[in-house]
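S.K.: The sequence and its predicted three-dimensional model are supplied below.
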There are 2 protein chains.
Amino acid sequence: MSAKKKIFKPQPVSGFPEWLPEVRAVEQQWFDHIRKIFESYGFCNIETPSVELLDAIKAKGGDGEADVDKEIYVLERYHKEDGDKEARLALHFDQTVPLARYTAQHFNELVFPFKRYQMQRVWRGERPQAGRFREFYQCDIDVINVDSLPLHFDAEMPAIIWEVLSSLPGMENEKIQIRISNRKILTGMITQDLAIDEPTAIAKIFRVIDKVEKIELTEFLKSLETVIKEFKPHATEKEIENVIKLLGFSREFKFWDIGEQIQSLEKIIEEAKIENDFVKGIEELQFVLTSLKHLPKGSVVADLSIVRGLDYYTGTVYETVFLDDPGYGSICSGGRYDDLASNYINKNLPGVGISIGFSRLFDRLRQQNKLPVGRISPADIMVVMPGEERRALTMETAQKLRAQGHKVETFHNPVKLARQLAYAEKKGIPYVWFPPFEDGNDHEVKNMQTGTQAKADPDNWKKD
Amino acid sequence: MSAKKKIFKPQPVSGFPEWLPEVRAVEQQWFDHIRKIFESYGFCNIETPSVELLDAIKAKGGDGEADVDKEIYVLERYHKEDGDKEARLALHFDQTVPLARYTAQHFNELVFPFKRYQMQRVWRGERPQAGRFREFYQCDIDVINVDSLPLHFDAEMPAIIWEVLSSLPGMENEKIQIRISNRKILTGMITQDLAIDEPTAIAKIFRVIDKVEKIELTEFLKSLETVIKEFKPHATEKEIENVIKLLGFSREFKFWDIGEQIQSLEKIIEEAKIENDFVKGIEELQFVLTSLKHLPKGSVVADLSIVRGLDYYTGTVYETVFLDDPGYGSICSGGRYDDLASNYINKNLPGVGISIGFSRLFDRLRQQNKLPVGRISPADIMVVMPGEERRALTMETAQKLRAQGHKVETFHNPVKLARQLAYAEKKGIPYVWFPPFEDGNDHEVKNMQTGTQAKADPDNWKKD
C-alpha cells in the first residue's frame, strides 16, 4: 500500500462549505432550534431523496426561473456499462419540486391539510464564483390541501418565521423585517389599468418589479417602462405612474404599525376604481396582517412591491431582509401557489410555503463573527485515568456519570496528570473528574473555569 | 401555466428510499438516539460536503474494494458551457474518504485525538436491483491521532455500538452480536506458517476469508485452498488445515463468556510457535475483550475469521450480525487503520472507527413491522376554533401552550366541531383544547384516548 504513494493536496471545493467541529456545533443548535419551533406548530418532517428524475426536474426548473434550468446537476455512474438503460437523475435544486412529487405520489396515504417541514441540502451547479454556494441547506415549511386552502395558513407562516429568525442563537440583535404582499393586487391593477392580462406578460413585468431593490432607482423605472410598453405600446405616462405609485406607496408602511397599515389598505380599497382581484388581494393581505398584530412594530410590513420571481405564486408572497442591509437579498421567502402538483397529479392542490436560506444566513453570521462560540467537544466532563490498574474504575465512573445524562470522555491512557488536564483544557471540557487514586479515597471533581475542586459522588452529581 | 399541461406520473426511483411522515418520525428518533449516545462519549459532530474531487475518491475507491470504483456517481452540470474547466466531482460512497481529507485539510485546527461522529447520506451507483440502496445513511464514529493511537479506543468502539444498537427503538428484542478479531493474528500466521508476506497476496487471501459466512462451506474451503496455492503452490494439506483450524476454532467462543474467551486466547499464545505479529494481535484482542467484560454474554465475541474486505485495516476489526440471520450480513463494521490520510498529508495518522449501516438496519426493521408506530403529526394538542370572531383567542391560547413547551396545532377554520375533532383523530393528536365559546366560560381539554374532558388553564397545564 505504501510503496507508490500519490499525495493529493486536500483542498476545499468551491461552493461546497464545511465547518470545523466548533462551528458545526452551532449549526446543529440552529437546526435543533428550527425543528423545535416548526414542530411546536404541528408540522411533521419529511425527507425526500437527493435526486428526482431529470425530466421532472427540468419541467419545473425551466418554469419561469430561467436560471435554475442551467444550474441542474445530473448524475452519471462513473463506470456505466454500454446498454445500461436508466432514467437520468438530477440533484434537486429546491425542496418544492420534491414536495410536489412526494405529495402526488403518496396522495392517498397523507392526511390533509398536509403540514410538513423539510431541512435538507439542495444543489445548484452554478459556475464557480466567490461567495456562491453550490450545495446548501434550506429549511422549508409548506401546507398543502385539496381543492382549497384557508388563508389561516398564509397568516401562520410569517408568525412562525418571525419566531424562528428572531431567536436563533446569534440572531437576537439582528434587525430583520418580513415583507408581505399579495400578487392579486398588482395583477388586478395591471389587468384593469393597463389592460394586460396575458399571464406570461404579467410574469415578465413581475420579474422586472422583483429587481426593485437590487438595481438603481432610475434604471429600475426605465426597465419598468420598457417592459410595460412591450405589452402595451401606447401606455400613457399616467398609467405607468399609477403602477409606480402603488409600488412606492407602501414604502411608507415600514414606519407604521400593523394597525395603521391595515387602515391604509382600507383606504386604497375605497378609492380604487378597480373591481377585480385587486380588492381581493388587499383583503387577503389585511387578513394576514390582522393576525400578526402581536408582533413588534417593524417586524412585519405590507410591501406592495414584493412579487417574487417565480411564476407559480398566485396570492400571498413573502420576503425577509436585514433592515441594515436589504441589498443582501431575501433570507427567507415564499408564497402561495394554486396548484403546485399539477405536473404530477390530476388534483387541485393549493399550498402556501416559506423557505429559510439556512446556509446563506448561517454563513453570513459566521463571517461577521456573530455566532456564539461553539464547543470543540460536546463532553461536559473528562474522567482522568489514574493508572493502568485503575482503567476499569475509570470506565465505570464514566458510565455512572453517563447514566445520569452527562456527556463524558475518559482520558485514554494513564499519562502524567498535567497532560491529561491540558487535553481537557484544549477541548474546552468544563469539568475534570478524578476517580480515587488509592482505595478508600473519594472521587473529586474540578471546575476548570473556577479552578475549585471538591469531593463528589459519581452516582449523584450535578453541574454548578 | 395551465394551458399545455404535461403529467409526469410520480414514481419512486429505484434505490432511493423515502418514508411517510409517521415512519420518518421514527427515523428521527433513531438519529436523535444515536447522536445522544455518541455525544455522551465525547464525540463531536462534523459534516462534509456530499462531493469530493473525483481523482481523490477514485484513488481510495479502487484501493482493494474493487467494486466501489464502479459505484461512483459523478456530477455533471446539465448546461455546462464549452470551455468551462472544472475539476470533476463525485458523490462520496462512504464517510471514511471524506474524513481522511477533512482531517488532513484542517490538520492544524483540530485537537487530537480527534473523536468525531458523522451521520450523512452516501451514494453507490450500483445497477438497479431489488433491495439495494443507492442512497443511504451511515452513522460513523472514528478516532484519529497523530503517530500513535492507544488501544483504549479499539475497546471503546464496541461498547458504544452495543449501547446504541441494543437500545434503538424497536431493536430491544433483536439478538445481535459484535464479532471482533485482529488482522495481525491471521497475517502473522500466514506470514510464518505459509511464508506468504506480500501485502497484496495477504489482502487477496483476506478477501476470500471475508466470504466465509456468505457461501457454502465446501465452496469456501475450495476457494481458500485455491487462493493459498496461488501464492504458495506447494502448500501442504497440514499447512492449509492450520489456517482453517484457526478460523474455525473461534466459532466455539460464541458460546462462552468473555473471560473464558480471553483464557482460551492465552492458551493459543502459549502453544503457538509463532513469534511475530500473531502474538501481538492476540494480546490486542485480549485487551479489547477485557474492557468489554461487563457486556451481556454473547453480545461480543472474538471471532478469528473476521477480516473485513477492505485493505486498509491493520489491527482490530469488527462486524455485527443478527444472531438469527447472520447471512443478512454485517450491520455495523469497522476497524483500525494505520495511516488513513497518507493520500493527503505527509503525517502518520492512525485511527479506529466503526460505521452503522443505518438505512439498511432501519429498513429491515420497517419491513418486518418491528418499528414502533410513529406519529403522523408531532402535535400534542389541537386547539379548536370556535368561530371567526374567536380566531385571535384561538391563536393566543395556542401561543400560551407553546410557551410551556407543548406542540400545538390550531384548527384553521371555524367549521363544525365534529369536523375539527375528526381532523385531530386522523392526525393522531392526543389532546383537543376548547377555548371558551362564550365570554366568561372556562377553557377545557379533552383526552382523545380516554374521552375525558375537563376544565384547564392554558397558562399552566400538564399532560396526564
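M.R.: Here it is on my side, so go on.
S.K.: burial of the residue of the stretch 201-350 of chain A found nearest chain B, as a residue count?
M.R.: Here the residue of the stretch 201-350 of chain A nearest chain B is A:Tyr344; by C-beta to the nearest C-beta that distance is 4.5 Å. Backbone N, C-alpha and C define where each C-beta goes, glycine included. Counted by other C-beta atoms under 10 Å in any protein chain shown, the residues lying close to A:Tyr344 total 23.
S.K.: ditto for A:Tyr312
M.R.: 21.
S.K.: can you map out the strands along the stretch 51-200 of chain A?
M.R.: Assigned by DSSP state E, counting those that start in this stretch, the stretch 51-200 of chain A shows strands spanning A:51-53, A:73-77, A:89-91, A:114-123, A:135-144, A:176-182.
S.K.: And those strands: which comes nearest B:Glu225?
M.R.: Between B:Glu225 and the strands of the stretch 51-200 of chain A, the tightest spacing by C-beta to C-beta is seen for strand A:73-77, at 36.0 Å.
S.K.: which one's the longest helix in chain A?
M.R.: helix A:21-40 (DSSP state H).
S.K.: for the closest residue to chain B within the stretch 251-400 of chain A, what are its contacts?
M.R.: Residue nearest to chain B within the stretch 251-400 of chain A (C-beta to the nearest C-beta): A:Ala379, separated by 3.6 Å. Residues near A:Ala379 by C-beta atoms under 8 Å, 6 or more residues apart in numbering or on different chains: A:Lys407, A:Val408, A:Glu409, A:Lys427, A:Ile429, B:Glu39, B:Gly42.
S.K.: As JSON lines, these with distance to B:Gln105 and secondary structure would be great.
M.R.: What follows is these, written out as JSON lines (distance: C-beta to C-beta, whole Å; DSSP: H, G, I helix; E, B strand; the rest coil):
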{"residue": "A:Lys407", "distance to B:Gln105": "27", "secondary structure": "coil"}
{"residue": "A:Val408", "distance to B:Gln105": "29", "secondary structure": "strand"}
{"residue": "A:Glu409", "distance to B:Gln105": "24", "secondary structure": "strand"}
{"residue": "A:Lys427", "distance to B:Gln105": "20", "secondary structure": "helix"}
{"residue": "A:Ile429", "distance to B:Gln105": "25", "secondary structure": "coil"}
{"residue": "B:Glu39", "distance to B:Gln105": "24", "secondary structure": "helix"}
{"residue": "B:Gly42", "distance to B:Gln105": "23", "secondary structure": "coil"}
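S.K.: Name the spans of chain A whose pLDDT lies under the cut-off.
M.R.: A:1-6, A:59-70, A:82-84, A:128-131 (pLDDT under 70).
S.K.: Helices of that one, residue ranges please.
M.R.: For chain A, helices defined by DSSP H occupy the ranges A:21-40, A:54-61, A:66-70, A:96-105, A:152-167, A:183-193, A:199-209, A:217-231, A:237-249, A:258-271, A:277-290, A:358-367, A:391-403, A:417-427.
S.K.: most tightly surrounded among those?
M.R.: Mean neighbour count (mean count of other C-beta atoms under 10 Å in any protein chain shown) peaks for helix A:96-105 among those, with a mean of 24.
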